[in-house]
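Participant: 3D, please:
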Amino acid sequence: MNAELSVGALSKRYGTLEALHEVSFNAHPGELVAVIGPNGAGKTTLLSIIAGAQTASAGTVAPGPDRVGWAPQQPALYSKLSVAENLELFARLEGVPDRADAVGRMLDQTGLRGRADERVARLSGGNRQRVNVALGLIANPPVLALDEPSASLDPAQRERLWQFIVALAAGGTTVVFSTHNVVEAQRYADRAIVLADGRLVFDGTPQALMREAGEAQDGDMERALVAFLAQRGSREETSG
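Facilitator: All right, here's what the predicted structure looks like:
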């Protein structure tokens with residue numbers, strides 16, 4: 001299967017700080033890829049470069065940002081506009097040829113048809129996040145990048161959002177998402193990419209990460225990630 005997203009030796013520097021160091025991976029059509037790791041690992045930087053929100057210092061990303069939908073952690077919504085008006089505005093900005101069709105498609109896909117005329121300011125956090133994801137999908141991109149999509153949502157809102165995201169992947173959209181709630185990676189992701197200090201230190205299934213950390217397959221993913229990073233630190237100290 002050909003890769004839908006290809007990241008090659010991606011690096012990002014802010015002065016003397018190297019936020020990413022030669023990160024490389026591929027993702028395939030319909031694949032759900034979780035990007036996990038400690039704070040400051042480079043997760044948001046990686047996703048924002050994939051989406052074209054910022055540029056890399058070195059390396060390559062294919063396809064270009066015009067083929068990647070982007071839903072940042074902080075929703076880029078206009079609270080005084082309705083749901084449909086937000087979608088219409090972003091369809092115009094993305095140069096979507098049939099804006100009415102795109103808006104209708106996203107209202108149906110997100111289950112927000114009944115709230116089309118409601119101002120975004122009046123929506124629940126879960127519904128605002130669904131609109132945020134819909135804006136990233138308005139141009140029907142093959143790849144969707146999501147930065148902490150379920151942050152600040154309650155359990156019921158998270159469940160509805162993940163049903164939506166899983167359905168997108170089942171329909172062929174490649175989804176790359178970051179999360180601090182690593183149970184989401186265990187539950188939903190086909191692959192888990194672990195970043196630490198801007199470096200890719202693991203790329204494989206969540207089950208493989210559990211095995212490498214010495215955790216049972218039905219065990220605690222968060223405990224497995226902590227153990228894996230501790231083992232990695234011990235190996236580096238020994239080799240150093």
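Participant: For the chain, just list every one of the strands.
Facilitator: 5-14, 17-27, 32-36, 58-62, 68-71, 143-147, 174-178, 191-196, 199-204 (DSSP state E).
Participant: could the ones you listed be laid out in CSV, adding mean pLDDT?
Facilitator: Shown next, in CSV, are the strands of the chain (pLDDT from 0 to 100):
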stretch, mean pLDDT
strand 5-14, 97
strand 17-27, 97
strand 32-36, 98
strand 58-62, 96
strand 68-71, 94
strand 143-147, 96
strand 174-178, 97
strand 191-196, 97
strand 199-204, 97
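Participant: tell me the centre residue of this protein?
Facilitator: Centroid check for the chain by C-alpha atoms, centre = their mean gives residue 177 as the closest residue, at 2.1 Å.
Participant: What residues does the closest residue to that one other than its chain neighbours make contact with?
Facilitator: Closest residue to residue 177 apart from its sequence neighbours, by C-beta to C-beta, 6 or more residues apart in numbering: residue 146 at 4.0 Å. Yep, even glycine has a C-beta here, placed from its N, CA and C like the rest. Contact partners of residue 146, counting by C-beta atoms under 8 Å, 6 or more residues apart in numbering, are 47, 71, 133, 136, 165, 175-178.
Participant: same thing but 7 Å
Facilitator: 71, 133, 175, 177 (C-beta atoms under 7 Å, 6 or more residues apart in numbering).
Participant: in stretch 193-206, what counts as buried?
Facilitator: By 16 or more other C-beta atoms under 10 Å, the buried positions in stretch 193-206 come out as 193-196, 198-200, 202-203, 206.
Participant: give me the number of residues near residue 144?
Facilitator: Other residues near residue 144 come to 23 when the count uses other C-beta atoms under 10 Å.
Participant: got the contact list for the residue nearest to it when sequence neighbours are not counted?
Facilitator: Distances taken as C-beta to C-beta, 6+ apart place residue 69 nearest to residue 144, at 4.4 Å, with adjacent residues excluded. Listed by C-beta under 7 Å, 6+ apart, the contact partners of residue 69 are 136-137, 139, 141, 143-145.
Participant: Among these, which one is most surrounded by other residues?
Facilitator: residue 145 (29 neighbours).
Participant: Helix or strand, whichever it is, which one in this structure has the lowest mean pLDDT?
Facilitator: Using mean pLDDT, DSSP states H and E, the weakest-scoring helix or strand in the chain turns out to be helix 221-239, at a mean of 79.
Participant: Identify the bridge partners of the residue nearest to residue 177.
Facilitator: Each beta-bridge partner of residue 146 is listed here, defined by DSSP bridges: residue 71, residue 177.
Participant: For residue 221, see how far away it is.
Facilitator: Residue 146 sits 18 Å away from residue 221, going by C-beta to C-beta, to the nearest Å.
Participant: Likewise for residue 10?
Facilitator: 25 Å.
Participant: do the same with residue 41
Facilitator: Taking C-beta to C-beta, one finds residue 41 at 16 Å from residue 221.
Participant: same question, residue 100
Facilitator: According to C-beta to C-beta, residue 100 stands 43 Å off from residue 221.
Participant: So for the two, which sits in the more crowded spot?
Facilitator: Neighbour count, other C-beta under 10 Å: between residue 100 and residue 221, residue 221 has more, with 24 against 11.
Participant: ok, now which ones touch that one?
Facilitator: Residue 221 neighbours (C-beta under 7 Å, 6+ apart): 182-183, 185-186, 206, 210.
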